[in-house]
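Enquirer: Give me coordinates for this.
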Amino acid sequence: MPYLVSADLPTAPAGERFRALIERGGILKLPGAHNGMASLQAKAAGFEALYLSGAAMTASMGLPDLGIITVDEVSFFIRQIARSSGLPLLVDGDTGYGEALNVMHMVRTFEDAGAGAVHIEDQLLPKKCGHLNDKKLATAHDMAAKVAAAARARRHLYIVARTDAAASEGMDGAVARAKMYMEAGADAIFPEALTTANMFREFAARMPGVPSSPT
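Expert: Coordinates of the predicted model:
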């Protein structure tokens, strides 16, 4: 019972534990867990960290994945997963729930709820699942401002910047955006909706030394 017995509680913040797992190298497997019971099943199977998907949360609520749930609703999922499993959790932060100040509020709220990492995407609302067509993107500068705001707000939260640009701006556009987001303070890049193994290899080669989180 990691939540009730103090001796079972992790001693390091979730963000530091997530970062340590990334920095040891190799592939970090992050199974999706949309509630406390799923997180316990993943932990029992031997996984060391988890992923909380926006699509999974909204589906469990009977809602479409359009970025319409709130920071507080997401925090309910974060708290139950962090308390039940004690594992560091990467959370889908959609578009950050607004502009720079809203992103800072999201970071503080998610961190306080027990999240280890968050990813923020460069779509405009109403956002779409990353594998759908006709996604509308924010400007790279506006997204970089959100990343910089997130980096300023966090104490230990690991920040992943997601770009959906490959589908509309090609590999060159996705790489250019990713480099700008790293300069703004992101810890890693999530290149969404690459469609072949060669695309992943090319993206990784053009972003040397940068952790990436493919889907």
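Enquirer: ok now stretch 96-115, how far from the chain's centre?
Expert: Its chain's C-alpha centre and that of stretch 96-115 lie 12 Å apart, by Cα atoms, centre = their mean, to the nearest Å.
Enquirer: helix or strand right after the longest helix belonging to the chain?
Expert: Taking DSSP state H as the criterion, the chain has its longest helix at helix 166-184. Downstream of helix 166-184, the first helix or strand assigned by DSSP states H and E is strand 188-191.
Enquirer: so what secondary structure elements neighbour the helix or strand following that following strand?
Expert: Next along the chain after strand 188-191, taking DSSP H and E as the criterion, comes helix 197-206. Under the contact definition 3 or more Cβ pairs under 8 Å, 6 or more residues apart in numbering; DSSP states H and E, helix 197-206 sits against helix 166-184. Where you see a C-beta, it was placed from the backbone N, CA and C, and this is true even at glycine.
Enquirer: tell me the angle of the helix it packs on relative to helix 197-206?
Expert: 20 degrees (axes from the mean of the first three to the mean of the last three Cα atoms, to 10 degrees).
Enquirer: Next, find the distance separating His141 from Phe110.
Expert: The gap separating His141 from Phe110 is 24 Å, by Cβ to Cβ, to the nearest Å.
Enquirer: still on that earlier bit, for the longest helix of the chain, give the mean pLDDT please.
Expert: For helix 166-184, mean pLDDT rounds to 95.
Enquirer: how about it: buried residues?
Expert: 166-167, 169, 173-178, 180-182, 184 (16 or more other Cβ atoms under 10 Å).
Enquirer: Taking the residues you listed, tell me the two that lie furthest apart.
Expert: Ala167 and Ala184 (22.0 Å; Cβ to Cβ).
Enquirer: tell me, how many neighbours does Arg201 end up with?
Expert: Arg201: 11 surrounding residues under other Cβ atoms under 10 Å.
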